[in-house]
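Colleague: output the structure for:
(chains A, B and C)
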Amino acid sequence: MSAVAADIQSAPAAPAQGYWRAVASRLLRDKVTVVCALVILGLILMAVFAPWIAPDDPLKSSIFKRLQPIGTQGYPLGSDELGRDMLSRLIFGARLSLVMGIVPVLCALGIGSLLGITAGFMGGRTNTAIMRTIDVFYAFPSVLLAVAISGALGAGVLNAILSLTIVFIPPIARVAESVTTQVRSLDYVEAARASGAGSFAIIRVHILGNVMGPVFVYATSLLSVCMILAAGLSFLGLGTKPPLPEWGLMLNTLRTAIFQNPWVAALPGLMIFLVSFCFNLMSDGVRAAMDVTR
Amino acid sequence: MLAYLFRRLLYVIPIALAVSAVCFSLVYLGPVDPLMAVLPPDASLELIEQLKAAYGFDKPIPVQFAKWVARAAQGDLGTSIATGRPVNSELARAISNTFVLAFFACTFGFTLGLALGFVAGYFNGTWIDKLVTSFAVAGVSVPHYWLGMVLVIIFSVFLNWLPATGMGTGGSGDWAWDWEHIRFVILPAVTLSVIPTAIITRTVRALVADILSREFVSALVAKGLSEAGVFWHVVKNAAPTALAVMGIQLGYLLGGSILVETVFTWPGTGFLLSIAIFQRDLPLLQGTILFLALFFVFLNLLVDVVQTLLDPRIRRT
Amino acid sequence: MTLLTVNALRKHFPLKKDLLGRGGGTVQAVDDISFDLTEGETLGVVGESGCGKSTTARLLVRLIEPDEGQIRLEGREVGTAMPLAEARSKMQMVFQDSFASLNPRLTIEDSIAFGPVVHGLPRAQARGRARALLARVGLEPSRFAGRYPHELSGGQRQRVNIARALALQPKIVILDEAVSALDKSIEAQVLNLLLDLKAEFKLTYIFISHDLNVVRYMSDRVMVMYLGKIAETGPSESVFAGTRHPYTRALFAAMPSMDPERRTKQPPLMGDPPNPINPPPGCRFKGRCAHAEDVCGRGDIALTAAGAQHRVACLMTQPGSGHSSAPGKAA
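Modeller: Numbers count the residues shown, from 1 in each chain, chains lettered A, B, ... in the order given. Model prediction:
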């Protein structure tokens, strides 16, 4: 009897912690991730409150004050090739750059997960049909695909967002399908089927919760790539149209000015790098936090 | 086995055609009429009609597509509207230029990536490892087109050691292994190599760390295996995956990086594609996209086949 | 009363060819399996890995669709006369891997309550039933109901799985290697729990295991499977005491024993482990049987009586089968 008692009473005395709470507490203890998240948050706030923070009008140009160096009176970070204040343009540029970097990943997350989970859960011919189509897109490097789609659709912010969403749907769908296929064959899903549950109930209760975690982590790793690609599209002239402020476009228009004012020309790229770097470190932190539980 | 391979190979063609068809139609759905892009705004109706007939734009779209496919199958990809030269020769030159760039980028990047990855994996957990890993993360976070600009700023604007753009005189046709030519390729190659280096560093590091931590390695060391012996053992186990990753990266580079080539005005396939897009040069655009589509679908098939062959879990029946 | 009748169950799995056309063939996992289950008994199913025990279990609860054969529950055919949902509430299964059997994101209570909720019970009542069952399997509800699977030990998780199986108030519980992954002392406790529950809830068990001692302890009747077919079946004591099939004999001879007088002199089985892909015709044990003859390779070997309710699929026990050791033939 004492052996039985030992087995039953041996459970840990600590109160049960929800899965998400465990992840959150682990994340908060990871200093690097917290710092990066704060940086991104700061930039988002800067973008939202740009009209109040920026010292000048980002679209106001001046022929006489073109390509002023950093530290000029009235132009703390210099001016661009049309005489517009760089600091203001960088602050306002955060709006479009961040939107174009985040929105496509969100949209792709939604559509890609839907496709992937459906393919993974249904299996068989549905799976083959969906995944083969996706594989065709997956064969191409993201840059090429984005450029090809944007090239066909034409320049513009919305077209670029559409193009990038299409580019990111295949990788997310693949991850979703792969995880769903794994989870679907696990014993607890079989047990759920054996208790007579219908497909929707099984997906809602058992599959979604266990699949969205890894898919979400993967999607966060795509944020940095999307930032770079979005700015890259604008850099090629396929994204934001002038005279709107956006970091990639600014790199494009300032390129010819490298020899006259190299520092100013390099500034927008620095911002892209900073955001992308933070997204990358954050995504690594999120992945580490979600892995350890279990 | 060969029958299966052949069948898979056959799929490449309809896929490439499907991609081309999609491109073909999308261009027509795009905002600018392809012909209008090349003509001056005040061109006479007569001229417009002449050019339309010459390029076959007066026929309905499916007919145009069919004609194009028929010609492409015979190796004729039409004539570029912008330059007047046959698309084939433009493509051929661009491909060899990209090849030169990819070659240098790969040599540099793979060597560096392997070395860094190995070091990081061996010293797993120490500050060396953390330093290398941070570099690798930075490497994939940096917008490579911006990095190219920065390198140009440092080495062309400030130091004036290396040229900022171009491939030098003659292109790959006149390639020679001398400073005159190599100095043009250094900056683009280094820029292009950053991402592959970072990826290979991360991959090799993970592989090496994993192999070293496995129990059978401890067993080998306990039996008296020397440092060199362990090293060779790690190499043998890491080689298949590392080679696969390097192969994939090489493939991507051979396809041409449009962004880097644009920054340095390197006349490769990527640059050709951007010219075709912006000048709405339809034949050139279609030809380039067809080539790239075929290339990448084929590359994917190759990767799949090699991975299947290398997978030890599949019994050889 | 016969609760379950299984007739000529068959399931073959086609193997996919890979990219280069290698592989292919069929795994004949379950081939022409027929048996009955009487109410209140425990049927033990034994065999090596790959013999088809787990596949049979999954076919019974319809997690896999059979290629051929009928399953009759309480006289009505499952799938036609008896709807699947009803059959599922009467037959439940406990799996081997206690951890993989539980959704890591759900609390224990919610995992157990899931089945009843799906069948229409209001959530509050389902939770109540879950707690009652937790108490019944020895896990105090106030301490365990809100816990997550990773916070329990293997034995505790398996108790949860048993509670979950009982939540739908089934008549038959299939235990697929349910105690195989547990430490021996825990295993003994869980087995005794199972016996208690069987008596209290008037259950019928199908107990699948590769551990012969456990099967002997738990089962009233035994069924021995080999490569998808039944080799021998009969009352537990009859089969264990008077084994007739060469495979069963070899299996039992390989059982570790505490008796120092019992020593194995030679390996009980010859030949290579079986390949379930594209098996040859005739007796599937032929390649490893010390008594195999040519006649064993022709045609299907049927189960024939070799004692009261004891049936064997071996030509050596069939009178007039053509085998040199068969009864009724001049020596």
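
Colleague: all helices for the stretch 51-200 of chain A, in order.
Modeller: Along the stretch 51-200 of chain A, the stretches classed as helices by DSSP state H, counting those that start in this stretch are A:86-122, A:124-138, A:142-153, A:157-184, A:187-194, A:199-202.

Colleague: out of those, which gets nearest to chain B?
Modeller: Using C-beta to the nearest C-beta as the measure, helix A:142-153 is the one of the helices of the stretch 51-200 of chain A that comes nearest chain B, at 3.4 Å. Any C-beta I mention is one placed from the backbone N, CA and C, and that applies to glycine too.

Colleague: can stretch B:118-133 be found next to chain A?
Modeller: No: counting by C-beta under 8 Å from any C-beta of the partner chain, chain A has no neighbours in stretch B:118-133; the shortest distance is 9.5 Å.

Colleague: in that stretch, what's buried?
Modeller: By 16 or more other C-beta atoms under 10 Å in any protein chain shown, the buried positions in stretch B:118-133 come out as B:118, B:119, B:120, B:121, B:122, B:123, B:129, B:132, B:133.

Colleague: quick revisit: of the helices of the stretch 51-200 of chain A, which is nearest chain C?
Modeller: Across the helices of the stretch 51-200 of chain A, the minimum distance to chain C, taken as C-beta to the nearest C-beta, is reached by helix A:187-194, at 4.2 Å.

Colleague: now that closest one, how far from the centre of its chain.
Modeller: Using C-alpha atoms, centre = their mean, to the nearest Å, we find the averaged C-alpha position of helix A:187-194 to lie 34 Å away from the chain's own average C-alpha position.

Colleague: CA atoms of that helix as PDB?
Modeller: This file holds the C-alpha atoms of helix A:187-194, laid out as PDB (Å, rounded to 0.1, in the frame of the first residue of the first chain):
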ATOM      1  CA  ASP A 187      -1.800   9.000 -29.900                       C
ATOM      2  CA  TYR A 188      -3.900  11.800 -28.300                       C
ATOM      3  CA  VAL A 189      -5.400  12.700 -31.700                       C
ATOM      4  CA  GLU A 190      -6.100   9.000 -32.300                       C
ATOM      5  CA  ALA A 191      -7.700   8.800 -28.900                       C
ATOM      6  CA  ALA A 192      -9.800  11.800 -29.700                       C
ATOM      7  CA  ARG A 193     -11.000  10.200 -32.900                       C
ATOM      8  CA  ALA A 194     -11.600   6.900 -31.000                       C
END
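
Colleague: please tell me how far residue C:230 sits from residue C:207.
Modeller: Distance check for residue C:230 against residue C:207: by C-beta to C-beta, to the nearest Å, it reads 16 Å.

Colleague: where does residue B:315 land on pLDDT?
Modeller: As predicted, residue B:315 sits at a pLDDT of 39.

Colleague: if you could redo that for residue C:19, that was the one I meant.
Modeller: Among the per-residue scores, residue C:19 shows a pLDDT of 60.

Colleague: which stretches of chain C form helices?
Modeller: In chain C, the segments counted as helices under DSSP state H are C:53-60, C:84-90, C:108-118, C:123-136, C:141-144, C:154-166, C:184-201, C:212-218, C:236-241, C:246-253.

Colleague: between the helices of the stretch 51-200 of chain A, which gets nearest to residue C:133?
Modeller: Nearest to residue C:133, of all the helices of the stretch 51-200 of chain A, is helix A:187-194, at 14.8 Å by C-beta to C-beta.

Colleague: in the stretch 1-150 of chain B, what residue lies closest to chain A?
Modeller: residue B:146 (2.9 Å).

Colleague: now that residue. Nearest residue, chain neighbours left out?
Modeller: Nearest residue to residue B:146, sequence neighbours excluded (C-beta to C-beta, 6 or more residues apart in numbering or on different chains): residue A:269, at 2.9 Å.

Colleague: can you give me the neighbour number for the nearest residue to residue C:314 once chain neighbours are set aside?
Modeller: Taking C-beta to C-beta, 6+ apart as the measure, residue C:314 lies nearest to residue C:245, with 5.0 Å between them; neighbours along the chain are not counted. Using other C-beta atoms under 10 Å in any protein chain shown, residue C:245 has 25 other residues around it.

Colleague: chain neighbours aside, what residue packs nearest to the most centrally placed residue in chain A?
Modeller: The residue lying closest to the centre of chain A (C-alpha atoms, centre = their mean) is residue A:223, at 2.2 Å. Nearest in space to residue A:223, with sequence neighbours left out and distances taken as C-beta to C-beta, 6+ apart, is residue A:279 at 4.2 Å.

Colleague: around chain A, pick out the residues from the stretch 151-300 of chain C.
Modeller: Residues of the stretch 151-300 of chain C lying close to chain A by C-beta under 8 Å from any C-beta are C:151, C:152, C:153, C:155, C:156, C:161, C:164, C:167, C:168, C:185, C:186, C:189.

Colleague: tell me where the model's unsure across chain C.
Modeller: C:17-23, C:257-259, C:262-274, C:328-331 (pLDDT under 70).

Colleague: ok, now which ones touch residue C:298?
Modeller: For residue C:298, the residues meeting the contact criterion (C-beta atoms under 8 Å, 6 or more residues apart in numbering or on different chains) are C:281, C:282.

Colleague: and it, its phi and psi?
Modeller: phi -110, psi 130 (degrees, to the nearest 10).

Colleague: how much space is there between it and residue C:323?
Modeller: In this structure, residue C:298 and residue C:323 are separated by 11 Å, where distance is defined by C-beta to C-beta.
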